Structures are given as structure tokens and as C-alpha cells.
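A.B. asks: After the sequence you'll find the predicted model.
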Amino acid sequence: MKFSFSFLFCLCSLTLGFGQQLNPEITAQQIEINYSDTDYTLINDFKGLDFDEKNAKISFVFTEEDTSGTISGLDFRIDFNPNDVDNAFFKGTALVETIDTDNFLRDGHLMWQKFFHKKKYPKIDFQSKQVVAFNENTFKVIGTLTIKGTSKEVIITFSLGDNKLLGNTIIHTSDFGVNIHDEREKNKLEIQFHFPFLK
């Protein structure tokens, strides 16, 4: 009887032991199911950022004369995920003929060969080469800006908002052959970019 009791005790112990080993497998399956059901809405939204091209805007200020204006006729492509800036890409063009400083005489003069030479160079072009993340929600876009057939490297600083991407940079138009004034510093142009997201 002692032998039989000991045998039964060992058998029960082994059975319980195997039962305990099965529990981790069941738990792992449950974890895997829960993991697959996790909500990644925010990440997916960022990966699928779509920009509202219709309401995008580029504005500028000639600081010497405190003259503000806009340029439109925008055709751009932005591939941007703030969590994957290594694969981000910015490119676009704007139509010179759409430069608007709220003064039709001045705008007409800017189309002349001496300035933007609209007939020969109808578009302003930008294409990024690198995007670098800086402070939280701040990004530097390094790229090539081409105006009047002259290409220069520029850096645009963008900040990411809740529903838009805002950027700014400073150039001197005389670096691109657009000499509004004789002195380079008097040709300083501050440019702002407003790219809203599609809702």
C-alpha cells in the first residue's frame, strides 16, 4: 500500500507539473492576441500625413522695405513622418507670375528680365536633400532652391503643430540674380511656409 500511495503521489505531482508548464504557453498566446489588437491610430496617422495643397501658402517679407507678399501656383510633394525623418522628402515649385505684393505696378516690374525674368524662368523650385530632427517637433530641411536658373543650398526650419507644418527661412534675392537693391543685405527676404493637414 505504501508503494501504491507513493506511486500515485508521484503521478499526481508529474501531472500538476506538466499543467503548470502549459500555462506560460497559454499566457503567451493571450499576450500575442492582445498585442495584435493594440491601437496604433496615432502612429498610423503620422505615417499617412496628407497635406491640404489647396490651402497651402507661402508668404514673404522684403525686410528692407517692409513689403509683404505671397506666391502661389504651388505644386508640391511632401513625404513626412516625424518618427522617420531619414526617409522624409520635400519637393515643389511655385509660379513666378503669381507673386503678389498688393501693388500691381511693382508686381509687374518684378516679372522683368532685370528681376525674376518670368518668361525665361517661370518657376521657382525646391528639392530637399536631407531632413534632420532637432528639438521636439522641430525639423531642419536642407535642400536646393533654384530661382532664375541659379541654385543655392538653403535650410528651412519647420515646426510640427496639431494640424499644420509651419516653416521659415531667410534668403537674399541677390544671391539668385534678383537685385532689388545694390547691397546684398538690403535684398534680405524672409519666407514663411504654411502647410495644413487634410482633415
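C.D. replies: Great, that's in hand. The structure displayed is predicted, hence computed values, not measured ones.

A.B. asks: Please count neighbours and contacts with C-alpha atoms only from this point.
C.D. replies: OK.

A.B. asks: Strands along the protein, start to end?
C.D. replies: Per DSSP state E, the chain carries strands over the ranges 57-62, 67-71, 75-79, 89-95, 123-133, 138-147, 150-160, 164-172, 188-196.

A.B. asks: List the buried residues of stretch 106-122.
C.D. replies: Neighbour-count burial for stretch 106-122 flags 107, 110-111, 115-118, 121-122 (criterion: 16 or more other CA atoms under 10 Å).

A.B. asks: mind showing which ranges of this structure have poor pLDDT?
C.D. replies: Applying pLDDT under 70 to the chain flags residues 1-48.

A.B. asks: Identify the residue spatially nearest to the residue nearest the centre of it, adjacent ones excluded.
C.D. replies: What sits nearest the mean C-alpha location of the chain, by CA atoms, centre = their mean, is F80, with 4.1 Å. When the adjacent residues along the chain are set aside, F80 lies closest to A88, with 4.7 Å between them (CA to CA, 6 or more residues apart in numbering).

A.B. asks: Would you map out the domains in this structure?
C.D. replies: For the chain, automatic domain parsing gives the domain ranges 1-38, 50-196.

A.B. asks: what's the most buried one of those domains?
C.D. replies: For the domains of the chain, the largest average neighbour count (mean count of other CA atoms under 10 Å) is found in domain 50-196, namely a mean of 17.

A.B. asks: Thanks a lot, catch you later.
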